[in-house]
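Engineer: Coordinates for the following, if possible.
(chains A and B)
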Amino acid sequence: MIRLEHIRRAYVSDEVETIALADINLDVDSGEFLAIMGPSGCGKSTLLNTLGTVDRPSSGRYWFDNNDLAIRDEAALARFRAETLGFVFQSFNLIDELTIEENVELGLAYRRDGRADRRRRVAEAMDRVGISHRARHYPNQLSGGQQQRAAIARAIVGDPKLILADEPTGNLDTENGLQVMEILGSLNAEGATIVMVTHSPSHADMARRRIDMLDGRIVASVARAI
Amino acid sequence: MNGFSLVSLYRSLVRHKLYAVLNIGGLAVGIAVFLVLGLYVRFETGYEEWLPHHDEIFLVQTEYTSMGSTFSGAFPNTMGGLLDQLREDFPGVLGTRVDAEAFNVVHSGIGIQEKGALVDPSFFDVFDLPMVSGDGAVALDDPSSVLIDQPLAQKYFGGADPVGQTLNLTVRGKTKAYRIGGVFKSLPKATEFNFEILTALPKTVDEPFWYHWGSTSLFTYLRFGTPGQAQAFAARLPGFVDRRAAKDMGPNASRMMKLNLLPITADHLSPQGGQADSTRQVVVTMGVVGVVTLLIALVNYINLATARSGLRAREVAMRKVLGANRAALVRQFIGEAILLVALSALISLALAELSLPMVNAAIGLSLSIPYDMVVPALAALAIVVGIGAGLYPAVLLSRFPAASVLASARSPGGGRSGARVRELLVIFQFALAIAFIVGTIVLSAQTAHMRDADLGFDREGLIVVRSLVETDTGQRQSMLAAFRALPMVRAVTVADNNAGGSDNNNANSVPIPGKPGDGPSLRQIMVGPNFFGTYGAHLVAGRLFDDAHGADDFSKRTKGGTVNIVINRRAVGVLGFSSPAAAIGKTVGSGKYLYFHIVGVVDDMRFFSPRSTMDPTYYLYQPQLDDYAVATLRYSGSRQAAMDAVKRAWLQIAPQIPFDAATADQRLADLYKSDDHAVNLFTIGALLAVLIGCVGLWGLASFNTSRRVKEIGIRKTLGASSSDIVTLLVGQFLRPVLIANLVAWPLAWVALRKWLAGFDDPVALSPLYFLAASLLALVIATLTVSVQSLRAARSTPAWALRHE
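Structural biologist: Residues are numbered from 1 along each chain as shown, chains lettered A, B, ... in the order given. As a prediction, the model looks like this:
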């Protein structure tokens, strides 16, 4: 489904060039659950952002279902994100001024889905993660675990082909972390493709494959025996 | 505030340059507008305050109270002999008359017109006019001496002391040598007095109207020890009027005419007669514009300051961790605010100084900043506004528990309620700004309307020669013949009133036969041959005057006889006729004076200020007009050539009489000048208010956008396009601007209706003015906000997501 070829990402500021991604070659198959590990600053999040098209590579090619995304314009990428991707962040990134329900619905609104369709999907997604009873609440009225479940509901509400999770359990306690991992695991079991950045080896072990990064390169790729 | 606070304040200003410029600059512009308009208001309300004991001096007003009279209302002048009668009835009353008129200084055989006044020898008992040399009171006791002001002393005598020297003066038609008895300081600008030469009124005055009650010819001033004494004196005046005026006005004269004591300082802003209260209205309007602009700027400043302070929560928390207590933090915030407002005030002084020359040019004054008054006022402003703007964030921020602020990823911005307060303030600002825009549009429309309105005559190509009044009959005949002989002159006429008005105002009650009472009061204008032709008046019904009809000639009248008149359109209804045609052939008036046979109706000819009502008028015809004959010429071709030719003709026939002429356009422009000035000033104030409003919106938008960078990142990650983001951000600001319209419209409507009521011929308050203003405000607001929204919308989401 995904093929990254010689992806390079460099940040230039005041004549200092910082290389976040050196030369990334990576294939992700449909239905895969891939964990990315590595120390802080190794380029995990940049890689995830590149996959999510919220950051553009300096060079290289990004094939998604045989379409080269590196050459698409901003508007096309926004549409791509709304239709194809789901994001889960470490700090949840819910919008404070919107209710949980509205947060979940937001991506569908940007896809210009019909209202009735949106309602149905939002209800299903919130049900799926067990957050329906907090639909009219604001994010700051929820616990961290609930907020992250709401964020997952937002990520899956549009039936994305690919879910990108950036340390989804990083701000959660053990129990809530496990709950989130269970939801991701069952989503994967139902066929969703997931790419997850994590610091937790045990959570990484729940993925089918794990790559390790160091200084902007992939240094190891380990598939878990099923 | 300690040194670190100052350093971090300075660095924060330098780092956020734009914010600093908007915040400090916006407030500075607001204060500057307030300052300049405040100076104007102070000037207009400070008339005669230069006079020592001005609070003891009163002007005697004549107020005509008869209903339906053209001239009802209070006038600043009185009967000439009033003071003599007051002195007889109230021995010891302190007063003087001032009869302002042009004096001719005959210098090297040429007459030069100067502004003079005839006053009582008691003038100096009332007015402590500051003298440079000589003794004023002594000089006025001598009928052959005069007092002149400094510029005239310089003009006619150079550097030498003129006291004791002589000046050839023509006063009331008699030329003789006057001894200079003293020199007084030239009058300041803030005065209704307008004289450069003073001489004594003759002991006995031989004028038919001098003791005629109901007439007005000069100014009478009285001085009292206390306001209470003045009040007690005023209470005795109705009895005095009844007693004295009975011979001219019948019993109970005080029911038709009152004498009022007006404090001399109130004279300038008091309307005359039936005129609208326009000067005071303009002054009040300017004061309101100034206060409102300052208010907008202050709201702006407080809004921006509090919004931004939310972003400093982390700094505050860190200071607390390092040991600052709440009081120290509150002091720091308030200190910073006072410092910034003081800086704005300083800049505003510079801005006011820089703009004053332009403002002075726009309104025809010479205002300057009285620093001894302004600096303490600004210091007080800095402290009050500083505390106001600093207190809210100081208390709010210093209350946050340090640990939670430091632990949280987000900066507290006052939350939803803070956002609501800011939105309310934006609504408030824009409501005022939109009301100002509507005001500017309507004011301009009204001035344009006055300029283009049909005045009932052809205003282009007319020269009014006022100095013809000063000539004798022989000179006048040859002068008019000389004018007619000029190649560019196409028509010449004389009349006792003309475009731009004159000093000669006559009204008469015209009884309507078959109806009780004296009838309505009509303006009377005496005209010579070809008056209507020269002016290009529009005949509506009947015919104009001509010599073929003997009854047209007013000079051939007999008491109780009939004379033909032409009336204007406004008089048709007033006299009770249904249409102009219906008035033709009818007779009004009474046998007590004259019967008037109406032979023609012309369109209303607007000779006077657009603010005074169009009077119902009748015209009388005199082929050889003698009294108050002012010439009007219609010319073709270049104005300058015509004016030069007329002046040459004048100098050949009457060189000793100063030539006083102007085109009708110029004379009308003088009448419109004060309104033009008001519109100019209002427009400047309104533009700046709108500008400051935009600065506020810009600052708030930039603050808001920077607070929402992360949210924008989230939205883009979820698939929002750039245009979605721009729509979101712009829409957020258009809402308060749209709501502001609902506030602005009724506000502007009420204010403008009141303002337009001051005009005799106002423009209609079309909804289009309101829509145009709202549209303009929306466009300005959209442009203001969209620049930043576009930039925010274009940022890469990954960068935005990292943004805290």
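Engineer: Could you say which helix or strand holds the closest residue to chain A within the stretch 501-650 of chain B?
Structural biologist: Across the stretch 501-650 of chain B, no residue is closer to chain A than B:R611, which sits at 53.8 Å (CB to the nearest CB). Any C-beta I mention is one placed from the backbone N, CA and C, and that applies to glycine too. In the assignment (DSSP states H and E), B:R611 maps to no helix and no strand.
Engineer: Pull the number of nearby residues for it.
Structural biologist: Taking other CB atoms under 10 Å in any protein chain shown as the criterion, the count of residues near B:R611 is 22.
Engineer: From B:H268, how far out is it?
Structural biologist: Using CB to CB, to the nearest Å, B:R611 is found at 16 Å from B:H268.
Engineer: same thing with B:Y221?
Structural biologist: The value you get for B:Y221 to B:H268, if CB to CB is used, is 14 Å.
Engineer: Now do the same for the residue lying closest to B:I363 once chain neighbours are set aside: helix, strand or coil?
Structural biologist: Using CB to CB, 6 or more residues apart in numbering or on different chains and skipping residues adjacent in sequence, the residue nearest B:I363 is B:H677, 4.2 Å away. When the structure is reduced to helix, strand and coil (DSSP: H, G, I helix; E, B strand; the rest coil), B:H677 reads as helix.
Engineer: What is the burial count for B:H677?
Structural biologist: The burial metric for B:H677, expressed as a neighbour count using other CB under 10 Å, is 17.
Engineer: and the nearest residue to B:H107 once chain neighbours are set aside, what element?
Structural biologist: The spatial neighbour of B:H107 that comes closest, neighbours along the chain excluded (CB to CB, 6+ apart), is B:Y156 at 6.8 Å. Taking DSSP H and E as the definition, one finds B:Y156 inside helix B:150-157.
Engineer: Please look at B:P143 and B:P202 and confirm they touch.
Structural biologist: Yes - taking CB atoms under 8 Å as the definition, B:P143 is a contact partner of B:P202 at 6.7 Å.
Engineer: For the residue in chain B that chain A sits nearest to, list the residues it contacts.
Structural biologist: Of the residues in chain B, the one nearest chain A is B:G719, at a distance of 2.3 Å by CB to the nearest CB. By CB atoms under 8 Å, 6 or more residues apart in numbering or on different chains, the contact set of B:G719 is A:78-83, A:85, A:107, A:110-111.
Engineer: so which of these are also by chain B?
Structural biologist: Restricting these to those near chain B by CB under 8 Å from any CB of the partner chain leaves A:78-83, A:85, A:107, A:110-111.
Engineer: possible to save those residues as TSV with pLDDT, neighbour count and secondary structure?
Structural biologist: Formatted as TSV, the ones next to chain B among the contacts of B:G719 follow (pLDDT from 0 to 100; neighbours: other CB atoms under 10 Å in any protein chain shown; DSSP: H, G, I helix; E, B strand; the rest coil):
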residue	pLDDT	neighbour count	secondary structure
A:A78	86	26	helix
A:R79	87	16	helix
A:F80	90	17	helix
A:R81	89	27	helix
A:A82	87	25	helix
A:E83	89	16	helix
A:L85	91	23	strand
A:G107	86	28	helix
A:Y110	86	21	helix
A:R111	84	15	coil
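Engineer: Pick out whichever of those sits closest to chain B.
Structural biologist: Each of these was scored against chain B by CB to the nearest CB, and A:A82 proved nearest at 2.3 Å.
Engineer: what residues are up against that closest one?
Structural biologist: A:107, A:110-111, A:158, B:718-720.
Engineer: for chain A, what are the low-confidence residue spans?
Structural biologist: By pLDDT under 70, the weakly predicted segments of chain A are A:225-226.
Engineer: For it, just list every one of the helices.
Structural biologist: Under the criterion DSSP state H, chain A carries helices at the ranges A:44-51, A:74-84, A:100-110, A:115-128, A:144-156, A:174-189, A:201-204.
Engineer: Can you add distance to B:G164 and give those back as TSV?
Structural biologist: Formatted as TSV, the entries for those read as follows, by distance: least, CB to CB, whole Å:
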stretch	distance to B:G164
helix A:44-51	99
helix A:74-84	92
helix A:100-110	95
helix A:115-128	100
helix A:144-156	100
helix A:174-189	108
helix A:201-204	113
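Engineer: which two from the contacts of A:A82 end up farthest apart in space?
Structural biologist: Of all pairs drawn from the contacts of A:A82, the widest gap by CB to CB lies between A:G158 and B:A720 and measures 13.3 Å.
Engineer: which secondary structure elements does the helix or strand B:V284 falls within contact?
Structural biologist: Remark: B:V284 resides in helix B:278-310, with elements defined by DSSP H and E. Other elements packing on helix B:278-310 under the criterion 3 or more CB pairs under 8 Å, 6 or more residues apart in numbering or on different chains; DSSP states H and E are helix B:17-45, helix B:326-363, helix B:371-399, helix B:415-452, helix B:664-707, helix B:722-756.
Engineer: between those helices, which one is nearest to A:S58?
Structural biologist: helix B:722-756 (21.7 Å).
Engineer: helices and strands around that closest one, which ones?
Structural biologist: Counting contacts by 3+ CB pairs under 8 Å, 6+ apart, helix B:722-756 is packed against helix A:74-84, helix B:278-310, helix B:415-452, helix B:664-707, helix B:709-717, helix B:767-794.
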